[in-house]
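**Q** Structure, please.
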Amino acid sequence: MTVEDTRTGTGGLILAWQEERATSSTMGFLAPSTPHPPSSDPLKALRDDPEGHVLVLSRSGGGKNRSCVMPWLLSHEGSALTIDLKGENGLVCARFRRDVLGHEVHAFNPFGVQQQAFADRGFVAARFNPLDDLDPDSEDFADDCMTLAEDIAGPQPSGLPDPFWHVSALSVVASHIAWHVCAARFVDGFRPEDRTLGGVWRSLCAQDLAFRMATILDSHAHRAGFPEFVREEFSNFLQGEAEKVRTSIRSTATSLMRVFSSPRIQQATSASDFSLAALADPDRGFDLFLVYPPERLASHAAILRILLGRSFMAIARRRVMPTRPTLVVLDELPQLGALPSVKTAVTLLRGFGTKVVMSIQSMSQLRGLWPLDHATIIENATLLNFGNASASAARDVCSQLGDIDERSLLALDSDQLVVHLPGRPTVIARKLDYLKDAAFKGFDDNPYYAGRRP
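**A** So this is what the prediction gives:
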């Protein structure tokens, strides 16, 4: 069979190969179907809305990387931000995006996942210092510092007896971030390595934090250009709280920042080898692979929250739309938790030229993440379903789609998937396969399979 060029069209992702199928329509539902024999006619590339999001429903081992993520990274010409568990997507696709598409490509890989394999492909682990994106002369400086602090902390834990400690700790973290951004203007010999989140961590762990804050105010607060935000937050902490309360707030603040006690994370955030502003540039091809081992997702989620939050902020400040949308691939979305920045991206950033791909294993996971918004997300996203392992899971999908039955989902062949585009009938189509389909070329071998294909 031949296939059409996957890099034609208006920017929509190629989702599957659409083949004519003999179907029955019992009770208005699609029934299991038998494809016509192969022919020399081109397979039709089934594409989504260029500005729509995509929800991939696939159980573990369902083949979403081979049939979705990697084909998209080997065909989508816009910029891309990819959460890359185990580094597979970057190892297979990064060199294509750099050498064939001509993009600037970086792999943020703080734990050295497949470090030698990346080096063999010409990629060294990139560093990113979030403080480099903060402008002390901007009117938004205080707000940007608070947003970064919230990204570090994540959602406020439910069931807290008193949110005072969490909110107060955020103010301490944000004000220290602001001070470390501009301290070199006031302190001779302020070390560059302290203008980092590792530096903020060390300050919060100082033996007498209150004395240090008071010294900063006494020595520098009267000087021109000293941030009013720092002055106010330091003063509130010192004057408004008793010593025991300050100790508890400090303890909470250091717990929020504990990920930056890691030497690996301090090194990965010690400087910036790229700017996230490039991700939002409509005239520039820029790709970032966030390589993270699955076992670090929970303990070190703050780093992903920061990078995603700063990326979405940069995109939201676009003033010119890109020709092709920026692709954001959120693999294993439930493992990231109910990130506010992700919800914002899904619900608001569509109008800023962003296409978000969300990967889940069941509808119940999506409901658990966003109990109040999951229906809106489903209604406005293209759904790819790789089949269901149980009748109850199939019924859950059928209740959302409304025009396909449980039997059809359970009877999918191994090379089939269900595609539902908003406002269109649900169809059964053939999966993409970057390893076998002639449309996808230029990829590298996956070292996880050591010479054998997955």
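
**Q** okay, CA-based contacts and neighbour counts for the rest of this
**A** OK.

**Q** Relative to the whole chain's centre, how far out is the longest helix that the chain contains?
**A** The longest helix of the chain (DSSP state H) is helix 164-182. Computed by C-alpha atoms, centre = their mean, to the nearest Å, the chain-centroid distance of helix 164-182 equals 24 Å.

**Q** same thing with stretch 86-105?
**A** 17 Å.

**Q** separation between residue 419 and residue 437?
**A** 19 Å (C-alpha to C-alpha, to the nearest Å).

**Q** quick one: which of these two has more around it?
**A** residue 419 (26 against 14; other C-alpha atoms under 10 Å).

**Q** who does whichever strand or helix holds the more buried one touch, helix- and strand-wise?
**A** Residue 419 is part of strand 416-420, with elements assigned from DSSP states H and E. Contacts defined by 3 or more C-alpha pairs under 8 Å, 6 or more residues apart in numbering; DSSP states H and E place strand 416-420 against strand 381-385, strand 427-430.

**Q** one more time with 10 Å
**A** strand 14-18, strand 53-57, strand 381-385, helix 406-410, strand 427-430 (3 or more C-alpha pairs under 10 Å, 6 or more residues apart in numbering; DSSP states H and E).

**Q** Doesn't residue 44 belong to a strand?
**A** Yes. Assessed with DSSP: H, G, I helix; E, B strand; the rest coil, residue 44 lies in a strand.

**Q** burial of it, as a residue count?
**A** Residue 44 has 15 neighbouring residues, counting by other C-alpha under 10 Å.

**Q** And it, how far from residue 50?
**A** Distance, residue 44 to residue 50, using C-alpha to C-alpha: 17 Å.

**Q** How about the contacts made by the residue lying closest to residue 311 once chain neighbours are set aside?
**A** Leaving out its chain neighbours, the residue that sits closest to residue 311 by C-alpha to C-alpha, 6 or more residues apart in numbering is residue 276, at 5.9 Å. By C-alpha atoms under 10 Å, 6 or more residues apart in numbering, residue 276 lies in contact with 128, 130, 133, 286-288, 307-308, 310-315.

**Q** Select, out of the helices and strands packed on strand 416-420, the one closest to residue 174.
**A** With respect to residue 174, and counting by C-alpha to C-alpha, the nearest of the helices and strands packed on strand 416-420 is strand 53-57 at 32.5 Å.

**Q** Show me how far the closest one is from its chain's centre.
**A** 14 Å.

**Q** Please work out the average pLDDT along that strand.
**A** Per-residue pLDDT over strand 53-57 has a mean of 92.

**Q** Show me what the mean pLDDT comes to for whichever strand or helix holds residue 71.
**A** According to DSSP H and E, residue 71 maps onto helix 70-73. For helix 70-73, mean pLDDT rounds to 97.

**Q** what's it in contact with?
**A** 6-7, 13-16, 64-66, 79-80, 82, 88-90, 92-94, 96-97, 287, 327, 329, 432-435, 437, 439-441, 443.

**Q** Mind checking which of these are in strands?
**A** When the contacts of helix 70-73 are checked against strands (DSSP state E), the matches are 14, 15, 16, 80, 82, 287, 327, 329.

**Q** how much space between the closest residue to residue 421 other than its chain neighbours and residue 288?
**A** Once flanking residues are discounted, residue 421 sits nearest to residue 382: 4.6 Å by C-alpha to C-alpha, 6+ apart. Remark: distance between residue 382 and residue 288 (C-alpha to C-alpha) = 24 Å.

**Q** same deal with residue 221?
**A** Counting by C-alpha to C-alpha, the gap from residue 221 to residue 288 is 39 Å.

**Q** More neighbours: which of these two?
**A** residue 288 (23 against 18).

**Q** Give the buried residues for stretch 258-268.
**A** 258, 259, 260, 265, 266, 267, 268 (16 or more other C-alpha atoms under 10 Å).

**Q** Packing partners of the helix or strand that the longest helix of the chain is followed by?
**A** Proceeding N to C from helix 164-182, the next assigned helix or strand is helix 197-204, under DSSP H and E. Secondary-structure packing of helix 197-204 (3+ C-alpha pairs under 10 Å, 6+ apart): helix 164-182, helix 209-220, helix 243-256, helix 263-268.

**Q** so where is the chain shaky, pLDDT-wise?
**A** 1-11, 19-42, 158-161, 241, 337-338, 340, 451-454 (pLDDT under 70).

**Q** can you list the domains in this protein?
**A** Listed by automatic domain parsing, the domain ranges of the chain are 14-128+274-449, 132-265.

**Q** Please identify the deepest-packed of those domains.
**A** domain 14-128+274-449 (a mean of 19; mean count of other C-alpha atoms under 10 Å).
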